[in-house]
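> here you go, sequence then predicted model.
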There are 2 protein chains.
Amino acid sequence: MAQKPSIPKGTRDFNPEQVAKRQYIFKTIQNVFETYGFQPIETPSFENSETLMGKYGDEGDRLIFKILNSGDYLNKVDDALYAEKNSTKITSSISEKALRYDLTVPFARYVVQHQNEIEFPFKRYQMQPVWRADRPQKGRFREFNQCDADVVGSKSLWQEVEFVQLYDAVFTALNLDGVTIKINNRKILAGIAEVIGAQDKLIDFTVALDKLDKIGEEKVKEEMLGKGILQTGIDKLQPLFTLSGSFEAQINSLKDILSTSEEGLKGVEELEFINTGIDTLGLKTATLQLDVTLARGLNYYTGAIFEVSAPESVQMGSIGGGGRYDDLTGIFGLKDVSGVGISFGLDRIYLVLEELQLFPETVNKSVKVLFINFGDTEALYSLQAIQKLRASGINAELYPDAAKMKKQMNHANKRTIPFVVLVGESEMASSVYTLKNMISGEQSKVNLDELISLVK
Amino acid sequence: MAQKPSIPKGTRDFNPEQVAKRQYIFKTIQNVFETYGFQPIETPSFENSETLMGKYGDEGDRLIFKILNSGDYLNKVDDALYAEKNSTKITSSISEKALRYDLTVPFARYVVQHQNEIEFPFKRYQMQPVWRADRPQKGRFREFNQCDADVVGSKSLWQEVEFVQLYDAVFTALNLDGVTIKINNRKILAGIAEVIGAQDKLIDFTVALDKLDKIGEEKVKEEMLGKGILQTGIDKLQPLFTLSGSFEAQINSLKDILSTSEEGLKGVEELEFINTGIDTLGLKTATLQLDVTLARGLNYYTGAIFEVSAPESVQMGSIGGGGRYDDLTGIFGLKDVSGVGISFGLDRIYLVLEELQLFPETVNKSVKVLFINFGDTEALYSLQAIQKLRASGINAELYPDAAKMKKQMNHANKRTIPFVVLVGESEMASSVYTLKNMISGEQSKVNLDELISLVK
């Protein structure tokens, strides 16, 4: 009967310390979201399959977890189809629901479904798990949490400005100094492609450019040539590879490079607007950096593109990203609703805070006081004090059994409970509590009020 | 292309107000859990099927949502088995994972899997969604949240005492006065069955007795007779039907009725212990009531059984329940670990608080101040003030577009934002802010410090 228990690969159990640390990150992000006027929504863990399928490309479709229909699900499958024994073909006949793959598509569905109840512009945040049947590896899980904030219903660039501020506010609140908020604009990438005569190869072009950091200039050029971009065009890219200096200096170079592209210049203007705003408002701990190679989710974004890098002292990919998408809800029949949003990578932020030891000591809201149990009379007496401690907001508990003193003290030690209270006959007789500081070893007799204020 | 968006039946979208109200309940329960020394864990949304299957009876097995294997899942199905086209038989070949059905079995699995890292007694709480393929109906959903607290590793009855206190503390904190915490003990039910000569019919006996409230004494007796319980036995039940008076009076009657059953008397003794403890410690707003007909989850509980009823003014089933189970982890190979736990019914508590209008007005943490947008210069100026407001913890925002004044004011009204700030040229020139109270209509010119303190 007994099974050796385990959990599916790519999933995780979280112990109390891990949950407390995750809640600390969630809570910090949530607080900033709310001061910025974002409001929470939640959507179901599973959606109708047609809501999700086809929204993330073929690879995405494969990675979506499908839920088997209930009851005699094979009964409804056509015999001829069944006889083919083809997994791909049969899936939609035996599965009508699928687990959430990200928070953006369900949000788009939500906006369209509830458009008559929503007052636009609508600023929502959402912090829920998502599931992907990806091959698990270090830092990549099959169940993980996303934390998104989006505004839909306005094209105002002030929102981009505010998202830069918001990133800065969150990482400042997490004491994570020195993150870099990289920004680009799809219109700039489109403009460059236009200038070098590769309008029709925008994706190939950006995919190659995106690798500049990793593979270097020569290999990027080779890849572009391989994709059919002409040498004359690639030659025109030269100034891009050497783009440097301040945000303003780079903006000026881009104005030169893109002087013949209306779209490109529009992108530059947008970046300039955002940078001027941030210059005036100031950032607390983060740096805003123009990165023309940044292209994440290009198929999707239409304006600004964001990506946040951890401080250089830590080896970690991006810890956040986002951008502007001009027609997300179109897939569900609501046209011309512009949106812009950002996301926080909870798991990576966790790893960064862990590595830099930035979790506050107080994050673990474990028990502050353990009352030693000397028997039923003492226990009942102790519970009356414990009741008062709890009413004062102090996490306190009674060891449930009148076990040997040593065992109970060991229990307090193993759980790193900082205070232990001993109440025996003599304490009860004189209405005092023997309070032991488990770190210093100090021991003193105190009354209840003193006990509360000492522990607090 | 456009799809009419919808969500699967039995699931829900939660809008900002609903999320805020749910978070208020979660947060209140969580705070009490923590002052009582419980610590949070989280388990994956899906478990290996063998972890869940067979743990909830045949009906449970049917109601568990199964996840289809990824990739070419049919390829691994034996041809002969496939040819049968039998849904029940094929399921385990095409699905290896299933969605969490409750929090108790995953907790048992967690305890066994991590037994070497856990310091016992282990007090954990868990607040996560669960999924059941039940027929949806009013108040019953296919995705809903459970909030559980359990202690494993001690048989001490002080834990039962503390759970009664905990229920009282949570409902007091929620301002829900007048809940009834009903308590019974499996040993009493077993003792009664023994006394009336129906030891082998314990389940039939308790199922019938459980209906006393609904169908009345005569029908209960008929049902017992129908199940083969002898008339002479049923006659001995008479004192049970008329059991009344205080907790102590009922305890005394039970001592008489159960005088020949060792197990029954043990149950009475346990109840007495708990009641004496609660008598001394006192409850703030709840009432502890002995209910010998209470039998929920009998197959499972071995000692105390709890159920919480909403105040009588509200039509609602139980809003919480729990009990003692002596060998939960045995199914995963860890014997003799006693546990006791309780659960809160979030959805029903939500409905009760809504009906009695007990949600605090402050629950909705929506925006406090909207700055009207008069153009880019004014917007940037406003954002500098907004930055200060946010740093003071005030939820503030700028209307993103320089739309018509009326449209912006309407936006504030529709979102019930209590304050609007107008900053035009003249305000900028004299460093003041025109603050409009949207409820009273009052309008005044203030400086930034005044603005912050007035809005706060």
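Arrived safely, thanks for sending. This one's a predicted model, so the numbers in the text were calculated from it and none came from an experiment.
> mind telling me what element the closest residue to residue A:299 other than its chain neighbours is part of?
Closest residue in space to residue A:299, ignoring its immediate chain neighbours: residue A:203 at 7.4 Å, by CB to CB, 6 or more residues apart in numbering or on different chains. In short, each C-beta sits where N, CA and C put it, glycine included. Element membership of residue A:203 [criterion: DSSP states H and E] is helix A:202-209.
> quick check: domain ranges of chain A?
A:9-179+A:310-359, A:186-287, A:366-455 (automatic domain parsing).
> quick check: end-to-end length of stretch A:44-63?
One end of stretch A:44-63 to the other measures 18 Å (CA to CA, to the nearest Å).
> neighbours of the residue nearest to residue A:299, just the number please.
Residue A:203 has 14 neighbours, counted by other CB atoms under 10 Å in any protein chain shown.
> and what of residue A:123?
Neighbours around residue A:123, by other CB under 10 Å: 24.
> quick one, phi/psi of the closest residue to chain B within the stretch 51-200 of chain A?
Per CB to the nearest CB, residue A:156 is where the stretch 51-200 of chain A lies closest to chain B, at 3.5 Å. Dihedral angles of residue A:156 (phi, psi; degrees, to the nearest 10) stand at phi -60, psi 130.
> ok, it - contacts?
Counting by CB atoms under 8 Å, 6 or more residues apart in numbering or on different chains, residue A:156 touches B:400-401.
> can you list the low-confidence ranges for the stretch 201-350 of chain A?
Across the stretch 201-350 of chain A, the ranges flagged by pLDDT under 70 are A:297-298.
> give me the number of residues near the residue in it that chain B sits nearest to?
For the stretch 201-350 of chain A, the residue closest to chain B is residue A:333, as judged by CB to the nearest CB, at 3.2 Å. By other CB under 10 Å, the residues close to residue A:333 number 13.
> how close does it get to residue B:326?
Distance of residue A:333 to residue B:326, computed by CB to CB, to the nearest Å: 56 Å.
> residues from the stretch 301-450 of chain A in reach of chain B?
A:330-333, A:365-367, A:373, A:379-380, A:383-384, A:387, A:390, A:393-398, A:400-401, A:411, A:414-415 (CB under 8 Å from any CB of the partner chain).
> return the subset of those lying in helices.
Applying DSSP state H to these, the entries found in helices are A:379-380, A:383-384, A:387, A:390, A:411, A:414.
> columns neighbour count and pLDDT on top of these, output as TSV?
Listed next are those as TSV, based on neighbours: other CB atoms under 10 Å in any protein chain shown; pLDDT from 0 to 100:
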residue	neighbour count	pLDDT
A:379	23	97
A:380	16	97
A:383	22	97
A:384	12	97
A:387	17	97
A:390	23	97
A:411	18	97
A:414	11	94
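> show me the contacts for the closest residue to residue A:381 other than its chain neighbours.
Spatial nearest neighbour of residue A:381, chain neighbours left out: residue A:428 (5.5 Å); criterion: CB to CB, 6+ apart. Residue A:428 sits next to A:377-378, A:381 when contact means CB under 8 Å, 6+ apart.
> redo that, cut-off 10 Å
A:374, A:377-378, A:381-382 (CB atoms under 10 Å, 6 or more residues apart in numbering or on different chains).
> may I ask which of these has the most neighbours?
Neighbour max across the contacts of residue A:428 (other CB under 10 Å) = residue A:382, 25 neighbours.
> touching, it and residue A:399? I think so.
Yes. Between residue A:382 and residue A:399 there is a contact under CB atoms under 10 Å: 9.3 Å.
> okay, and the common contacts of those two?
Taking CB under 10 Å, 6+ apart as the contact rule, residue A:382 and residue A:399 both touch A:371-374, B:158.
> okay, and the beta partners of residue A:151?
The partner list for residue A:151 in beta bridges (DSSP bridges) reads residue A:123, residue A:340.
> number of nearby residues for it?
The burial count for residue A:151: 26, using other CB under 10 Å.
> how about residue A:244?
Residue A:244 is flanked by 8 other residues according to other CB under 10 Å.
> ranges for the helices of the stretch 251-400 of chain A?
Under the criterion DSSP state H, counting those that start in this stretch, the stretch 251-400 of chain A contains helices at A:262-281, A:346-355, A:376-391.
> who does the first one touch, helix- and strand-wise?
Secondary-structure packing of helix A:262-281 (3 or more CB pairs under 10 Å, 6 or more residues apart in numbering or on different chains; DSSP states H and E): helix A:158-173, strand A:180-185, helix A:186-195, helix A:247-257, strand A:287-290, strand A:304-309, helix B:376-391.
> so for residue B:27, which of the ones you listed sits nearest?
Closest approach to residue B:27 among these is made by helix A:158-173 (19.2 Å; CB to CB).
> let me know the angle separating the closest one from helix A:346-355.
30 degrees (axes from the mean of the first three to the mean of the last three CA atoms, to 10 degrees).
> so how far is helix A:158-173 from its chain's centroid?
15 Å (CA atoms, centre = their mean, to the nearest Å).
> quick one: residue A:394 from residue A:420, how far?
Remark: distance between residue A:394 and residue A:420 (CB to CB) = 14 Å.
> next one: residue A:367
Applying CB to CB to residue A:367 and residue A:420 gives a distance of 10 Å.
> no further questions, thank you.
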